[in-house]
Every structure is written in structure tokens, then in C-alpha cells.
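# I would like to see how this sequence folds:
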Amino acid sequence: MTVLPDDGLSLAAEFPDATHEQWQRLVEGVLRKSGKEVSGEAAEDALSTKLEDGLTTRPLYTAPEAAPDTGFPGFAPFVRGGRAEGGAASGWDVRQRIAGRDPVRVNDAALADLENGTTSLWLAVGDAGLPAEGLGRALEGVYLDLAPVSLDPGAQFAEAARALLALYAERGVAPEAAHASLGADPLGHEARTGEALDLAEAAALGAQTAAWPHVRALTVDALPYHEAGGSAAEELGLSLATGVAYLHALTEAGLSTEAAFGELEFRYAATADQFLTIAKLRAARRLWARIAEACGAPAAGAQRQHAVTSPVMMTRRDPWVNMLRTTVACMAAGVGGADAVTVLPFDQELGLPDAFARRISRNTSTILLEESHLARVIDPAGGSYYVEQLTDELAHAAWEFFQTIEKAGGQAAALRSGLVAERLAATWAARSKKLATRREPVTGVSEFPHLSEKPVVREPAPAPLTGGLPRVRRGEAYEALRARSDVHLEATGARPTVFLAALGPAAAHTARATFASNLFQAGGITPVHDPVSVTPETAAAAYAASGADGMAVLCSSDALYEEQAEAVAAALRSAGATTVFLAGRPGTAETAVDEYVFAGCDAIAVLSSVLDRMGVAS
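Numbers count the residues shown, from 1 in each chain. This is a model prediction of the structure:
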């Protein structure tokens, strides 16, 4: 042991600890320069961000006076991971999804994936994918004692399970060597389709596979709730209620409490909100451990997690940006401690992914594991005051919603009464307002759209299951507007066009012209402006040369609006403009213009109205 000499140096000795109040005073000074006169807690609140579920992201986090015990990896409450070794040995399971009806093509994709970094397969089986009787051909050449198989079978879970278990027997795979998730999820299927299935049949499957140590019969899939617009806490609360319902069914089928816990796998969405995803997975393990403790089986409460990059965040327009979204989501899932991670291909929403898209999706995990070494540190976000507090607050919000579901009679009753649908619809409606006002931007769709992009075309995929909760996506409302523009382009040879009347020097109009240009392009409307600043004398000619479809937008400073807006608007109307907008807040030059566009306006409503007035069919 080497003892370092005491050289009398202390790097922080001359720097006294700053207090929270001192930091707030510095914040007050900065806000004062921007015109906000706030102090104390109000100053801190001004820099805070409101999240769903009543959560708030604060600008500063310090050591809490009291914090819940997060334990150690592999030990209850499993916040820091379900296994003591984490993913340090082999990383997370890279699970590739394959959806297709042709067993031969599914087999080609499966072999290509396994040869190039995928460690397990997630197969769509039944109405939305491969027929159960095609499993043998689809898994031809796959070493079933090495490659885990996860099924997504919908209502056909019994048939799919029988086919896979028979395949194990046929190929001589011993029960202890088989690794699989059979995917029975009656309540998840009901959420997707509105069709009620028999929980007893799924529980009987669990009783059958209890002797298979690495085969889990039931999946608690929270994706239907996420895809219906649910928040993180709602996704967690509904997964807990589903899990509890399955525990009841399994124990009634004769399984011990510990064995019942061992039959469940949980599936959650991973989004590009990296910290919320990390906190969600950590909170999910803590909550499930609490249920295991209440059931008298605390050691069985290590939740098995499969994270899937969010379909809600995927876009059909500029789909290449999806690669960035899924990379962040995959990183968050891995850091959050997911046991298996599926990165959906960037062209997922366009049809069957091609070979390039599948390669990128599996290589996303490979780069994060092999080059970034993300799995070599167990719970790397643990100890962050922000992550720990977010985990705690999210766990409390989810537990409260879980209790609401239980008081309503449990998950099945809550689904059938409409409670779940109403709650998720309200959450999505609130989020839709943020999307419509572009306070939640969607890059390539509502922000920085690329109107001349070449469409990415894919072979149609099997139709998804419908009839229950809706499926939503962040960019769908804007994509519907773009689709209207596409039809107009095909019919007329040109997109709808709006004229931007930029007044004065570039310093006066650039910011608002850029804002207006982005706004109208988000609806598939081409903005055109004269390279030279418009004046009252040149406005009519500039508008006529633009080819605009009756719409013009004034873009400049408030000062120039006062000087020129009325005259320029009059000139534009004389040249044929039927509606004159102003890029700025209502009340500016109010006698000169018809409407306003500004940060925070309802872009969906504005753009839809403009397309209507241009005669673009809906």
C-alpha cells in the first residue's frame, strides 16, 4: 500500500460551498436581462420543464435529504438491475423483429440477422404475421439451443406455442436448453383488438412450461398503451395491473407464487427522451419488486424486460431521421437496464423493412455495445440526482394509476369499461396540442421539412391488429397535410405556394421569414419570396411573379410593420392575394392583415385552413 505525502494542497479549500439561494440569485440576474422579473423559487420555476404525469424537470438537482434505497444490482428492489452482473458479460440481448407471412422469406431474414449480430428473434405469428404451421420452415437452420425465440402470436398464442415446443422436441432441444418467450398476452390482445380471450388458457400454457426454466409463457406488453398515446406512468401502471391479473391466473392454475413470477416477461417502449426512458425501466423494476414483496416472494421480483424503440416517434416523412431517434432510444434502453432491446428499422412505418434498414437496426446495438461499451458499467445512470429523483417521482405516479386500475376492478374491467381508453385519449389530446403548436417539434416533419425528398417505398407489411385502442404517431397530422400536397402535385405538377413578403433588411425579416417558411413547408406548401426586400412599390409585381395560390405572408420587424404593413398588404391584395398573413403576434398591424402566424399558434389548424382555401382536396 502506498501512502501519499500530505503536501497541504486542497484544490477546493479557497472556494466556499455555494448555497442554493446564491444560485437562485444568479438565475434572477440572467432572467432579468431577458425581461423577466422573478425571484427565489419563481426564478427556478421559470427554467423548469413540465412533463406528463405531473412531473417537472428542474434546472438544478442536489443531494436529497432523504432518498429511497435503490439497493444493489441483482437484489430487491432491483432498481439497479435484475442481475448482479448486469450486462457486463455479454451486453443486452439484441432482439430483431421479423414480420412477414412467407416462411421462406422470414427464414432468410432470420439467418441474415443471426449471422450479423442479432442474438434472438422476435417473430410475428398469427393474424399479423407468420402462420403457426410455418414456424418450422421459418426457423430452418436456426440453432434453437443457442438463439432464443420470442413470439408475438396475438390470439393464436396456444397454436404458436404448441408449434414451437414441438419444434424443440423434434430437434432434440432439452427443456433446460430452450430459451423462449411464447408471448401469450390475452389482455394486451384485447387492448389491441377489443377481442376478449381466455386468461385460463394462457395460464394453462404457463403451467405447461413451468418445467422449462428459460421459457416464459406470458408477456405483459405495454406497447398497446404507449401506442395509444399513453404517458410513461400510464404505461407502467397498466403493465403492473396486467401483470397482477396474470399472477392471479397462474396461481389459480396451480403454480406457486415464485413460479408464476418466473413465467412473465414485460415489454416497454423506449423513446428518444433518454432520461425518461432510463427512469421508466428503473421504476418498472422497483414497482414490480414491490408487488413481489406484497405477494411474499421478494426474491422472485426481478422483472425481465424487453425494450422496443417507440413506434409513436417514427415518421414516414424523412424516415432517415428515425435512425437518430432509435439510436438514442436504444442507448437509453441499454443504460436503463433492459434485458433485451429491439431497434425497429427506420422504414418500419412504410412497410416491410429492406435489408439495409435491418442491417442498420441491428448494428445500432452492436455499435453501442462493442464500440461505446455501454453495457460494461452496471446502471451507469445510478447516483445521478436527476435520474434518481425522476425514477422516484415516476414510480409514485405509476403506482397511483395502478391503484386506480385496481380499484376499478383490475385491468380487464378497466379496459372493458372504457376507463383505459378515456385516460389515454386525454393524455394524447394534451400532447397533440404540443405537437400542433410545434412546442414538441418533429424534425423533418413539423420542423425543417424537406419537400423535394424522394419518397421511400417499401413492400406492404401485414396489416396490424385493430379494433381496440387506437395507434397514434407524433407526425401523423402533419403527414396527412403533406399527403394532400402530394395529391395536388400529381394533379397539377406543382405544390401549393405561398408568397413571403420580406420587408426591410435581412436583419429585420430573416428570423420571421425562416419561421414562416418552416411552418408552411410542414403542411406541404412551398414558400416563395423575392430575393430583394419587398416594398409597397414592388409588392404587387413580386407577388405576381411568385405563382402563389392566393396567400401572402408579411415577414419583418414590428417597427417596419408599423411603417409599411398596410401599404404592402394593399398592394398584395391588388395583385390577387385573397389572404394576407403577418408573421408575428396578433394585434400588430391589425388593420392591415387578415390572420397571424406566430410561435405557439395551432399549425395544424392554420395549414389545414390554408390548404382548404387553396382548393387542395382533403
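# Looks to me like residue 88 is in a strand.
No: secondary structure of residue 88 (DSSP: H, G, I helix; E, B strand; the rest coil): coil, not part of a strand.
# and the nearest residue to it once chain neighbours are set aside, how many residues sit next to it?
Excluding its sequence neighbours, the residue lying closest to residue 88 (CB to CB, 6 or more residues apart in numbering) is residue 376, at 5.7 Å. For every residue, glycine as well, the C-beta is placed using N, CA and C. Residue 376 has 13 neighbours, counted by other CB atoms under 10 Å.
# can you pull the pLDDT of residue 376?
With respect to pLDDT, residue 376 scores 92.
# I figured it hits residue 90, correct?
No: contact criterion CB atoms under 8 Å: residue 376 and residue 90 do not qualify, at 10.8 Å.
# ok, now how distant is the residue nearest to residue 88 from residue 469?
Distance of residue 376 to residue 469, computed by CB to CB, to the nearest Å: 39 Å.
# Same question for residue 544.
Separation of residue 544 from residue 469 (CB to CB): 51 Å.
# Looking at these two, which has the bigger crowd around it?
residue 469 (22 against 14).
# and that one, what is it in contact with?
Neighbour list for residue 469: 191-192, 224-225, 227-228, 420-421, 424 [criterion: CB atoms under 8 Å, 6 or more residues apart in numbering].
# 6 Å instead, please
Residues in contact with residue 469, defined by CB atoms under 6 Å, 6 or more residues apart in numbering, are 191, 224, 228.
# So what touches stretch 383-399?
53, 55, 61, 68, 233, 236-237, 279, 282-283, 286-287, 381.
# any idea of the mean pLDDT for that stretch?
The average pLDDT within stretch 383-399 is 96.
# what's the single longest helix in the chain?
When every helix of the chain is counted residue by residue (DSSP state H), the longest turns out to be helix 385-407.
# And that helix, what's buried?
Buried residues in helix 385-407, counting neighbours by 16 or more other CB atoms under 10 Å, are found at 387-399, 401-402, 405-406.
# Stretch 556-575 too?
For stretch 556-575, by 16+ other CB under 10 Å, it's 556-557, 560-561, 564-565, 568-569, 571-573, 575.
# Next: stretch 87-105.
Applying 16+ other CB under 10 Å to stretch 87-105 flags 87, 91-100, 103 as buried.
# got it, and stretch 545-558?
546, 548-557.
# Can you lay out the residues you listed as JSON lines showing pLDDT, secondary structure and distance to residue 411?
Shown next, in JSON lines, are the buried residues of stretch 545-558 (pLDDT from 0 to 100; DSSP: H, G, I helix; E, B strand; the rest coil; distance: CB to CB, whole Å):
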{"residue": "546", "pLDDT": "92", "secondary structure": "helix", "distance to residue 411": "57"}
{"residue": "548", "pLDDT": "94", "secondary structure": "coil", "distance to residue 411": "54"}
{"residue": "549", "pLDDT": "92", "secondary structure": "coil", "distance to residue 411": "51"}
{"residue": "550", "pLDDT": "94", "secondary structure": "coil", "distance to residue 411": "53"}
{"residue": "551", "pLDDT": "96", "secondary structure": "strand", "distance to residue 411": "50"}
{"residue": "552", "pLDDT": "96", "secondary structure": "strand", "distance to residue 411": "54"}
{"residue": "553", "pLDDT": "97", "secondary structure": "strand", "distance to residue 411": "50"}
{"residue": "554", "pLDDT": "96", "secondary structure": "strand", "distance to residue 411": "54"}
{"residue": "555", "pLDDT": "95", "secondary structure": "strand", "distance to residue 411": "53"}
{"residue": "556", "pLDDT": "95", "secondary structure": "coil", "distance to residue 411": "56"}
{"residue": "557", "pLDDT": "94", "secondary structure": "coil", "distance to residue 411": "56"}
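# what's the most distant pair in those?
With CB to CB as the measure, no two of these lie farther apart than 549 and 557, at 26.9 Å.
# and the residue lying closest to residue 134 once chain neighbours are set aside, what are its phi and psi?
Using CB to CB, 6+ apart and skipping the chain neighbours, the partner closest in space to residue 134 is residue 103 (3.7 Å). Backbone geometry at residue 103, expressed as degrees, to the nearest 10, gives phi -60, psi -30.
# For residue 572, see how far away residue 537 is.
To residue 572, residue 537 is 12 Å away according to CB to CB.
# Over to residue 497?
Using CB to CB, residue 497 is found at 14 Å from residue 572.
# same check, this time on residue 612
According to CB to CB, residue 612 and residue 572 sit 20 Å apart.
# what does residue 363 give?
Distance, residue 363 to residue 572, by CB to CB: 52 Å.
# all helices for the stretch 101-250 of the chain, in order.
103-115, 135-138, 157-170, 186-193, 199-209, 223-227, 232-252 (DSSP state H, counting those that start in this stretch).
# average pLDDT for the longest one?
What it means is helix 232-252. Per-region confidence: helix 232-252 scores 98 on mean pLDDT.
# send the alpha carbons of that helix over as CSV?
Taking C-alpha atoms only, helix 232-252 is exported to CSV below (Å, rounded to 0.1, in the frame of the first residue of the first chain):
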residue,chain,number,x,y,z
ALA,A,232,-44.8,6.7,-19.1
ALA,A,233,-46.7,6.5,-15.8
GLU,A,234,-49.8,5.1,-17.6
GLU,A,235,-47.7,2.6,-19.5
LEU,A,236,-46.2,1.4,-16.2
GLY,A,237,-49.4,1.4,-14.2
LEU,A,238,-51.2,-0.6,-16.9
SER,A,239,-48.4,-3.1,-17.1
LEU,A,240,-48.5,-3.6,-13.4
ALA,A,241,-52.3,-4.2,-13.5
THR,A,242,-51.8,-6.7,-16.3
GLY,A,243,-49.0,-8.5,-14.5
VAL,A,244,-51.1,-8.8,-11.4
ALA,A,245,-54.0,-10.3,-13.4
TYR,A,246,-51.7,-12.8,-14.9
LEU,A,247,-50.3,-13.8,-11.5
HIS,A,248,-53.8,-14.5,-10.2
ALA,A,249,-54.5,-16.7,-13.3
LEU,A,250,-51.2,-18.6,-13.0
THR,A,251,-51.6,-19.3,-9.3
GLU,A,252,-55.2,-20.4,-9.9
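# chain center to it, what's the gap?
In terms of CA atoms, centre = their mean, to the nearest Å, the centre of helix 232-252 is set 22 Å apart from its chain centre.
# what sits up against that helix?
With CB under 6 Å, 6+ apart, helix 232-252 has contacts from 53, 187, 199, 203, 206, 218, 220, 222, 225-226, 260, 263-264, 266, 276, 280, 284, 287, 394, 397-398, 401-402, 405, 410-411.
# can you check the fifth one too?
Applying CB under 6 Å, 6+ apart, the external contacts of helix 199-209 come out as 158, 161, 184, 186, 215, 217-218, 249-250, 253-255, 263.
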